[in-house]
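# Here's a sequence, model it:
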Amino acid sequence: MQALRNRFRSWSSDVTLDNKTVIITGANTGIGKHAATDLAKRGARIIMACRDMEKANEALKEVIEASGNQNVVTCRLDLADTKSIREFAEKINNEEKQVNILINNAGVMVCPYGKTADGFEMQIGVNHMGHFLLTYLLLDLIKSSAPARIITVSSMAHKWGTINLEDINSEKSYDKRKAYSQSKLANILFTRSLAKRLEGTGVTTYALHPGVVQTDLWRHLSKPEQAVMWMARPFTKTSVQGAQTTIYCAVAPELDTESGRYYSDCAPANCSQAALDDDMAQRLWELSCKMLSIEWE
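Residues are numbered from 1 along each chain as shown. So this is what the prediction gives:
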């Protein structure tokens, strides 16, 4: 048990982020909110990008109070709607001078079958397509803000995933766990592809597993599954502990020369062979561009 406690200790660093701007999707709850609080304490301007503005504004007050940083704002972003993503990106591009850190944190997990406003299966649509489009639309501003970082929250669940290019929206057959694992695998493949495209720009990118975290994402689990997770609570992370690898990827100086890698517990981690498949990464990239009607070489 002592070894478990040691493993879950908070990562510590005195790195400051004065005069830096950070966007965090899904920052109104869980690890996103705790990452926002930590980075605000470091002096950054924080933009909390959230779907539910009522909850976002409640979280905003908490982040400002906990951090002592008044330079924290909310902005509506629904990753299940490309119109909302484009409106958000247009606002950021028009009103912000820089974006030094983009944290693609928001997500849905093992939810019942549903589709986004654009007809994507909800988990691949929000977890992958939404963040893919958001990153694309903000990339010029991020590049002009270099050195900059793009962080995408994946999961160890990617190890059970496969990419089904012929049925990416799970229309022929839907298994909520397989769909979730597919979306988390897509996060890592996206990060690998993005890193190659960003070589020489001063923008680096990372994917991470936050740990098994006690968050609102559990809400779609069945009652027996929730009971199992409740019994496993001593072996799971709090949101504060779960946010540590996100914070590490956002600020650790030693990552300045790294890009495209996968992290867990504030250290490099091994991902599945499927997550190292550059051919699949390229094919997924091309399919994503086609489905989002964008040109991104």
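# how would you label Ser183: helix, strand or coil?
Following DSSP: H, G, I helix; E, B strand; the rest coil, Ser183 is assigned to helix.
# contacting residues for it?
Gly107, Gln123, Ile124, Val126, Asn127, His128, Gly161 (C-beta atoms under 8 Å, 6 or more residues apart in numbering). Every residue, glycine included, has its C-beta placed from N, CA and C.
# Pick out the most distant pair among those residues.
Val126 and Gly161 (15.5 Å; C-beta to C-beta).
# Thr82: which of the contacts of Ser183 is nearest?
Val126 (11.2 Å).
# Strands along the stretch 101-250 of the chain, start to end?
Assigned by DSSP state E, counting those that start in this stretch, the stretch 101-250 of the chain shows strands spanning 101-104, 148-153, 203-209.
# Please compute how far the shortest one lies from its chain's middle.
Going back to what we said before, that points to strand 101-104. Once both centres are worked out by C-alpha atoms, centre = their mean, to the nearest Å, strand 101-104 turns out to sit 7 Å from its chain's centre.
# What is that strand packed up against?
If you count contacts as 3 or more C-beta pairs under 8 Å, 6 or more residues apart in numbering; DSSP states H and E, strand 101-104 packs onto strand 21-25, helix 30-41, helix 131-144, strand 148-153, helix 244-251.
# for the stretch 101-250 of the chain, what are the low-confidence residue spans?
Low-confidence segments of the stretch 101-250 of the chain, defined by pLDDT under 70: 212-237, 239.
# ok, 80 please
By pLDDT under 80, the weakly predicted segments of the stretch 101-250 of the chain are 211-237, 239.
# part of a strand, is Val73?
Yes. According to three-state DSSP, Val73 belongs to a strand.
# residues touching it, list them.
Val73 sits in contact with Arg45, Ile46, Ile47, Met48, Leu60, where contact means C-beta under 8 Å, 6+ apart.
# Narrow those residues to those in helices?
Leu60 (DSSP state H).
# Could you say which of the contacts of Val73 is surrounded by the most neighbours?
Of all these, Ile46 has the most neighbours under the rule other C-beta atoms under 10 Å, reaching 29 neighbours.
# Thank you, goodbye.
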